[in-house]
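1. Sharing a model that was predicted from the sequence below.
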Amino acid sequence: MAPGPLALVGPTASGKSALAVLAAQELGDVEIVSADSMQVYREMDIGTAKATQAERGGIVHHLIDVADPGDEWDVVRFTAQARRAMAAIEVRGRRALFVGGTGLYLHALIDDFAVPGRWPSLWHELDEEPGTAALYRRLEDLDPAGAARVEPGNRRRVLRALEVTLGSGRPFSSFGPGVDAFPPTRWRLAGVWLPRAVLARRIDTRLAAMMDAGFLEEVRALAGRPGGLSRTARQALGYRELLAHVEDGTALEDAVAQAGRRTRRFSRRQRMWWRRDPRVRWFGAPENPLAVLAALLGDWRA
């Protein structure tokens, strides 16, 4: 059997992208596919920590700069484009190395979820209900099994489950075992692990570097686009906070501090997401994530 796809996961700012490029250069038969939900957007470069051409080290990258900032992007679009990219890579006799921290996207791809469609008008109608608890009770009535998989306070997931149940005419739970199932797979999954204090410091350092590199100017330019920004693009880490400064007058210092706090919270959620998956083999370093390269290559070559 041909070697399966590779995936390198872990929290934001854990050094996955640089490590993946070095691993790809050493392996020689790999093309990188981004599994980042925001690097798909053109013009959103600084705040998404998008690798420059030089930083890509001559390795072919896919699913970067494939959407306009005014476009909605979701797991349905990701899985469709990722499957096409993976098939084309394998036809060339090469392997796909997926890199990113968007857990739902990769989980859906790895385990071949039957991803439901979208019903935007229904979503917006449901979203007019201000009480998440009321929405959750409605989901419990319509699909108790689906409700059991969703945190009652996670408004976005509650809305999505209701959207699917009402729009498709099928219970949300009927679309597959969900994100808590980890069946055998031909994929090789590896994770990068850094101490929490080190990761928090890396997040703060990276955010400061982004601001120095013109992150605020990038956000101002995006806010001034004739087509505006989509709902999903506006939620990107750092962009939402700086848009609050540009559009609503939030003090810049407060916006940057909030961006840092939200990024650190997001990194903790990413850790928890991937720690649940027993198929991930973790590679930890006390400080420098590139120190795990030799061990990672040894595992992927085995």
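-> Okay, I see it.

2. what's around the nearest residue to residue 135 once chain neighbours are set aside, how many residues?
-> The spatially closest residue to residue 135, leaving aside those adjacent along the chain, is residue 158, at 5.0 Å (Cβ to Cβ, 6 or more residues apart in numbering). The C-beta positions use only the backbone N, C-alpha and C, and glycine is treated the same way. Counted with other Cβ atoms under 10 Å, residues neighbouring residue 158 total 25.

3. Verify the contact between residue 158 and residue 143 for me.
-> No - using Cβ atoms under 8 Å, residue 158 makes no contact with residue 143, being 11.0 Å away.

4. What separation do you get for the residue nearest to residue 135 and residue 164?
-> 11 Å (Cβ to Cβ, to the nearest Å).

5. just to revisit the earlier point, do you know how far the residue nearest to residue 135 is from residue 151?
-> From residue 158 to residue 151 the distance is 8 Å (Cβ to Cβ).

6. Just want the most central residue of the chain.
-> Note on the chain: the residue nearest the mean C-alpha position is residue 102, at 2.1 Å, using Cα atoms, centre = their mean.

7. any weak-confidence spans in the stretch 51-200 of the chain?
-> Along the stretch 51-200 of the chain, the model assigns pLDDT under 70 to residues 176-179.

8. quick one: the strands in it?
-> Ranges of strands within the stretch 51-200 of the chain are 61-62, 95-99, 188-193, based on DSSP state E, counting those that start in this stretch.

9. Please identify the most buried of those.
-> Stretch with highest mean neighbour count among the strands of the stretch 51-200 of the chain: strand 95-99 (a mean of 24; mean count of other Cβ atoms under 10 Å).

10. and for the helix ranked longest in the chain, what are the contacting residues?
-> What stands out as the longest helix in the chain, according to DSSP state H, is helix 252-275. By Cβ atoms under 8 Å, 6 or more residues apart in numbering, the surrounding residues in contact with helix 252-275 are 9-14, 101, 103, 191, 196, 199-200, 203-204, 207, 211, 216, 237-238, 240-242, 244-245, 280.

11. Please pick the buried ones from those.
-> If you count burial by 16 or more other Cβ atoms under 10 Å, the buried members of those come out as 9-14, 101, 103, 191, 199-200, 203, 207, 211, 216, 237-238, 240-242, 244-245, 280.
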